[in-house]
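A.B. asks: Sequence first, then the predicted structure:
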Amino acid sequence: MTLTYATLAIDLPYVSSKKGRRAVLNSIKERLSAMNCSVMDISGEYPKEAQIAISFLSPDEQSARQKIEKIETMLASRFPDIEVVINYESL
């Protein structure tokens with residue numbers, strides 16, 4: 001078993017309030033939860049930037065990379081107007 005944890009650094013240029021950021025993040029968190037990931041918002045106070053921490057188990061390293069790629073594809077297709085940088089590590 002491989003434990004993978006990742007952080008998503010999200011740039012939200014069109015959001016002007018915490019309420020707007022929360023709406024976008026809740027949508028992202030719901031989609032990640034549907035992909036069997038544990039999700040936690042670790043954002044600071046600035047509304048135009050956000051961070052989400054995720055973790056999941058996979059049978060091997062290759063499956064973990066495939067799931068990260070699937071997450072990147074989902075974010076690019078569902079949220080094309082935001083920039084997301086994913087940093088991850090598998091144990």
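C.D. replies: That came through, no problem. Since we're looking at a predicted model, the values are computed, not measured.

A.B. asks: quick one: low-confidence parts of this protein?
C.D. replies: Within the chain, the set of residues satisfying pLDDT under 70 is empty.

A.B. asks: for it, what spans make up the strands?
C.D. replies: Counting by DSSP state E, the chain has strands at residues 2-11, 38-41, 49-58, 83-90.

A.B. asks: Run through who's touching the second one.
C.D. replies: Judged by C-beta atoms under 8 Å, 6 or more residues apart in numbering, the contacts made with strand 38-41 from elsewhere in the structure are 25, 29, 32-33, 50-56. Where you see a C-beta, it was placed from the backbone N, CA and C, and this is true even at glycine.

A.B. asks: Then the last one?
C.D. replies: Under the contact criterion C-beta under 8 Å, 6+ apart, strand 83-90 has outside partners 2-11, 58, 61, 64, 68, 71-72, 75-76.

A.B. asks: returning to what we had before: go through the contacts of strand 38-41 and say which is closest to Ile82.
C.D. replies: Ala50 (9.0 Å; C-beta to C-beta).
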